[in-house]
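>>> Here is my input; please provide its structure:
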Amino acid sequence: MAWNESGNGKNPWDNGSGNDGPPDLDKIMREWQARINAMFGGGKSGKSAGQGSGAGGPIATLVLIVLAGAWAFSGFYTVDNAERGVVLRFGAFTNVTQPGLRWHIPWPIEEVLQVNVSGVKNYNQQTRMLTADENIIEVDLVVQYRNADPEEYLFNVRDADTTLNDISESAIREVIGKYKMDFVLLEGRAQIAEETKSVIQNALDEYGAGILVTTANLQDVNFPGQVEAAVQDAIKAREDRERLSFEAQSYANDILPKARGEAARRLLDSEGYKEQVIADAEGETSRFSQLLAEYEKAPRVTRDRLYIEAIESVYSNSNKVLLDAEGSGNLLYLPVDQLIQQRRGGDVTGGSGQSNSGGGGSIPASSGTSPSNQASRSRGSR
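The predicted structure is shown next:
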C-alpha cells in the first residue's frame, strides 16, 4: 500500500521530528557515507557507524581478494605462431616472448605488444626519375618485407614503415640513375630490381630497423604520357635499326661463305693449272731429251719422221684433199672431203677416237702414193 495509506499516516522518510516537510538529503548522504567508511574500515560515527564496521570487514577483504585475482588474471595473454610478444615494464623493453600462453605483471606495471614476424607486407612506390642519359621515366616499384626483429622494429626507429618508404624511393633513384634508358626498359629490369633490394636492405640494417626485405620487383617502367608519341617513334626507329642489322647479318652470312668457297675453288684451280703446266713442261722436256738422243743416232730419219708427223697434224684438220695421179688429166671427181667428214662424224658417234695417222692414211690411200713419196715430191718441187 502507499505510504499515505498506513495507519499512522506518516512519511516513511520522516525522521520522527513530527514535521511533514521534505526529507533531509544532507542527512541521507551522511548516513550512506558513514556506511561506506565502516565497510572499508574507515572512521566510526555513532552507533550506526560501529555496526557497519563490524559487518563490513569480511566483505571488504573478499572484495579485495576478488579484485586482486582479477588483476592478476588479466596478466595472461596468448602469442600466435606468427607473432612475438614484446614485454614492456613501465614503458621500457624487458624481453621477447615466444608463441604460446604467457603471463606478465598486469597493467600498469607491464604491458605486451605483439608483433607479426611471419606475415609479408607490400609497399608500392611510384615515382618519376632521370636515367643516366637524362631521360625521364616512370617507375612502379613493389617491395615485399616482414618484421624480422620485434625489438628493433619497435624501438630503433620512430616509424619503420615510413622509413622503408623513404629508403625505397632513394634506392630506386640511386640505382636507375646509373643506367641508360634502353637498358632500364629492356634487359635490365631484373638486375635493377636485385640491386635495389640490396641497397634497401643495407640501409635498413644500418638503421637497425628490424625489417627484412624479401623481394623487390619493377612492376612497370614506362614514359610519361606527354612524351609517349616521341618515345614510340624512337622505339620504332630502334626496332628498324635492329631489323636492318639482322638483315645485313643474314646477307653477310649468305654471301661470305659463297665468296670464301669461290676463292678456295679458284685457288685450287690455279694450283691445278700450275701443276698441269709444270707437268706439261717437264713432259716436253723429257720428250725433247729422248728425241735428241734419237736424233744423234739417226739424224736424217729423225728429221723425216718429225716432218711427216708435223704435216700429218696440220692436214688432219684440213678439208682439202690432195691427189697425185699420173697419166691423163681426166680425173673422176669423188667427194672425198665429204666422205672424210662422214667418217669423222661416225667415229665421234661410235665413241672411237680419231688419230692423226688415220687422217693422214686416207689421203695417200686415195691418191695411191705413200706419205714418204708425197713428202719427197713436195720437197723436190720446192
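>>> Gly75 contacts Ile105, doesn't it?
Yes - contact status for Gly75 versus Ile105: in contact at 6.0 Å, counting by C-beta atoms under 8 Å. Quick note: C-beta positions are derived from backbone N, CA and C, even for glycine.
>>> helices and strands around the longest helix seen in the chain, which ones?
Assignment by DSSP state H gives helix 228-297 as the longest helix of the chain. Packing contacts for helix 228-297, counted by 3 or more C-beta pairs under 8 Å, 6 or more residues apart in numbering; DSSP states H and E, involve helix 299-315.
>>> hang on, isn't Ser74 packed against Ile105?
No - at 10.1 Å, Ser74 does not count as touching Ile105 under the criterion of C-beta under 8 Å.
>>> Let me see the domain layout of the chain.
24-73, 76-116, 121-222, 227-297, 319-381 (automatic domain parsing).
>>> On the secondary structure side, give me the element for Arg173.
Per DSSP states H and E: Arg173 is located in helix 160-176.
>>> Quick check: what element follows that helix along the chain?
helix 181-185.
>>> and that next one, what does it pack onto?
So helix 181-185, by 3+ C-beta pairs under 8 Å, 6+ apart, packs with strand 136-147.
>>> buried set for the strand it packs on?
Neighbour-count burial for strand 136-147 flags 137, 139, 141-143, 145-147 (criterion: 16 or more other C-beta atoms under 10 Å).
>>> again with stretch 263-283
Quick answer for stretch 263-283: no buried residues (16+ other C-beta under 10 Å).
>>> average model confidence for that stretch?
Stretch 263-283 carries an average pLDDT of 92.
>>> Please apply the same query to stretch 96-110.
79.
>>> how about that stretch as PDB, C-alpha atoms only?
Taking C-alpha atoms only, stretch 96-110 is exported to PDB below (Å, rounded to 0.1, in the frame of the first residue of the first chain):
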ATOM      1  CA  VAL A  96      60.600 -11.100 -26.200                       C
ATOM      2  CA  THR A  97      58.200 -14.000 -25.600                       C
ATOM      3  CA  GLN A  98      57.600 -16.900 -27.900                       C
ATOM      4  CA  PRO A  99      54.300 -18.300 -29.200                       C
ATOM      5  CA  GLY A 100      52.000 -19.900 -26.600                       C
ATOM      6  CA  LEU A 101      50.100 -19.000 -23.400                       C
ATOM      7  CA  ARG A 102      52.200 -16.400 -21.400                       C
ATOM      8  CA  TRP A 103      51.800 -14.200 -18.300                       C
ATOM      9  CA  HIS A 104      53.100 -10.900 -17.400                       C
ATOM     10  CA  ILE A 105      52.700  -8.500 -14.500                       C
ATOM     11  CA  PRO A 106      49.400  -6.700 -15.300                       C
ATOM     12  CA  TRP A 107      48.900  -3.100 -16.200                       C
ATOM     13  CA  PRO A 108      50.100  -0.500 -15.200                       C
ATOM     14  CA  ILE A 109      53.400  -2.300 -14.300                       C
ATOM     15  CA  GLU A 110      53.900  -4.300 -17.500                       C
END
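>>> For that stretch, give me every contacting residue.
Contacts of stretch 96-110 with the rest of the structure, by C-beta atoms under 8 Å, 6 or more residues apart in numbering, involve 71-72, 74-81, 83-90, 94, 111-112, 150-151.
>>> Of these, grab the buried ones for PyMOL.
With 16+ other C-beta under 10 Å as the criterion, this PyMOL line picks the buried residues out of the contacts of stretch 96-110:
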select buried, resi 75+77+79+83+84+85+86+87+88+111+112+150
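>>> Tell me which of the contacts of stretch 96-110 fall in helices.
71-72, 150-151.
>>> ok, for Arg303, nearest residue in space, not its chain neighbours?
Tyr295 (7.7 Å; C-beta to C-beta, 6 or more residues apart in numbering).
>>> and the gap between the residue positioned nearest the centre of the chain and Phe223?
Closest residue to the average C-alpha location of the chain: Glu187 at 6.1 Å, with C-alpha atoms, centre = their mean. Going from Glu187 to Phe223 by C-beta to C-beta, to the nearest Å gives 17 Å.
>>> cool, and Leu101?
On the measure of C-beta to C-beta, Leu101 and Phe223 end up 57 Å apart.
>>> ok, those two, which is more surrounded?
Phe223 (20 against 8; other C-beta atoms under 10 Å).
>>> In space, what's closest to Ala132 - neighbours in sequence excluded?
Closest to Ala132 by C-beta to C-beta, 6+ apart is Lys180, at 5.1 Å.
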